[in-house]
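>>> Fold the following for me, if possible:
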Amino acid sequence: MRSRLLVLVGVALLATGCAAHDEAQVQGRPGPSVTASGPEVSGGSGLSAALLARVPHFAAPPAPQPVSVPAGPSAGWYSAIPTTQPVAFITIDDGWTKDPHALDLFKAAHVPITLFLEINAIKSDPGYFTQLQQAGAVIEAHTISHPELKGKSYDVQKHEICGSADELGRLYGRRPLLFRPPFGDKDATTLRVVHDCGMKAAFFWRETTDKGIVRYQAGQQVKAGDIVLMHFRPAFVDDFLAVLKAIADAGLTPASLESYIS
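From the prediction side, this is the model:
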């Protein structure tokens with residue numbers, strides 16, 4: 001019975017995307033809630049004035065001071081960018097839930113966003129992410145089928161990593177230069193494959209967001225250089241507003257992750 005229960009719990013965690021590590025964070029703080037009755041909209045498209053009022057206004061980010069990725073046969077690995085500049089980085093994984101309000105939220109926030117997309121998650125509607133790309137989001141790689149990479153052979157990891165970068169390049173006209181492993185799990189082979197697939201760096205995170213709650217690995221505030229993780233999930237509006245609020249409350253500005261990788 002106990003082993004059956006553990007299997008069921010594991011399946012439930014995998015179903016939420018990268019939940020195996022997301023839910024390990026014990027510090028949490030809720031953001032603005034809009035999902036009790038759904039996001040308010042006006043005229044069938046666009047966001048309501050009430051919802052737009054929840055979107056913080058940020059100063060322009062400073063001129064970036066890029067970090068140099070390590071020389072050698074392996075890609076760099078970062079949970080945060082080592083910088084004292086007052087910036088944080090918004091990253092969104094997978095692509096299963098294609099919330100119709102995301103495009104309007106991206107336009108209203110007008111901040112840099114990096115999308116780590118999984119091929120299986122986006123293939124039902126790749127054009128949805130073309131709109132987000134046209135609104136300024138940058139598309140990076142997150143494997144084909146979201147497997148646990150750690151411990152897998154070079155060839156298995158290469159299929160998932162190179163294959164996803166190749167397909168995203170075909171779909172969106174730019175081959176990814178950055179990578180996030182599923183669940184944030186990697187080994188030395190992962191970083192070697194990322195490098196061999198022509199990408200510069202792979203990423204973990206310092207904060208993660210689900211159901212409008214930001215969870216912190218340390219402390220209760222986003223810090224300069226932190227990488228913040230969220231997903232394309234049913235609570236997308238809550239999550240996105242919570243991330244923006246957490247960054248604003250910390251006195252930081254969202255910046256382009258790509259511009260900080262030399």
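>>> Low-confidence bits of this protein, can you list those?
The model of the chain has pLDDT under 70 over residues 1-45.
>>> That one: strands as residue ranges?
27-30, 76-78, 87-94, 113-117, 138-141, 178-179, 201-203, 207-210, 213-216, 227-231, 253-254 (DSSP state E).
>>> Looking at the ones you listed, which is nearest to Val67?
strand 76-78 (7.8 Å; C-beta to C-beta). Glycine gets a C-beta too; all of them are placed from N, C-alpha and C.
>>> Tell me which strands that closest one pairs with, and in which orientation.
With DSSP bridges as the test, strand 76-78 is paired with strand 201-203 (parallel).
>>> Quick one: distance of the strand it pairs with to the chain centre.
Taking C-alpha atoms, centre = their mean, to the nearest Å, the mean C-alpha location of strand 201-203 is offset from the chain mean by 12 Å.
>>> which residues make contact with that strand from outside it?
69, 75-79, 91, 116, 177-181, 186, 190-191, 194, 227, 257, 261 (C-beta atoms under 8 Å, 6 or more residues apart in numbering).
>>> So for stretch 238-245, could I get the coordinates as PDB, restricted to C-alpha?
The C-alpha coordinates for stretch 238-245 follow below in PDB (Å, rounded to 0.1, in the frame of the first residue of the first chain):
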ATOM      1  CA  ASP A 238      -2.300  34.800 -11.000                       C
ATOM      2  CA  ASP A 239       1.200  33.500 -11.400                       C
ATOM      3  CA  PHE A 240       2.300  36.200 -13.700                       C
ATOM      4  CA  LEU A 241       0.900  39.000 -11.600                       C
ATOM      5  CA  ALA A 242       2.500  37.500  -8.500                       C
ATOM      6  CA  VAL A 243       5.900  37.300 -10.100                       C
ATOM      7  CA  LEU A 244       5.700  40.900 -11.300                       C
ATOM      8  CA  LYS A 245       4.600  42.100  -7.800                       C
END
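>>> so how far is that stretch off the chain centroid?
Using C-alpha atoms, centre = their mean, the distance from the centre of stretch 238-245 to the centre of the chain it belongs to is 13 Å.
>>> ok, how many other residues are close to Arg233?
Number of residues near Arg233 (other C-beta atoms under 10 Å) recorded here: 20.
>>> Tell me which of the strands of the chain lies nearest to Pro64.
Pro64 lies closest to strand 87-94 among the strands of the chain, at 8.0 Å (C-beta to C-beta).
>>> Relative to that closest one, what are the paired strands and their orientations?
strand 113-117 (parallel), strand 227-231 (parallel), strand 253-254 (parallel).
>>> Next up, the contacts around the residue nearest to Asp226 when sequence neighbours are not counted.
Excluding the flanking residues, the one nearest Asp226 by C-beta to C-beta, 6 or more residues apart in numbering is Arg206, at 4.1 Å. Arg206 makes contact with 79-80, 216-218, 222-223, 226-228, according to C-beta under 8 Å, 6+ apart.
>>> likewise Asp99?
Neighbour list for Asp99: 232, 234, 236-237 [criterion: C-beta under 8 Å, 6+ apart].
>>> Tell me the buried residues within the contacts of Arg206.
The neighbour count (16 or more other C-beta atoms under 10 Å) marks 80, 216-217, 222, 226-228 as buried among those.
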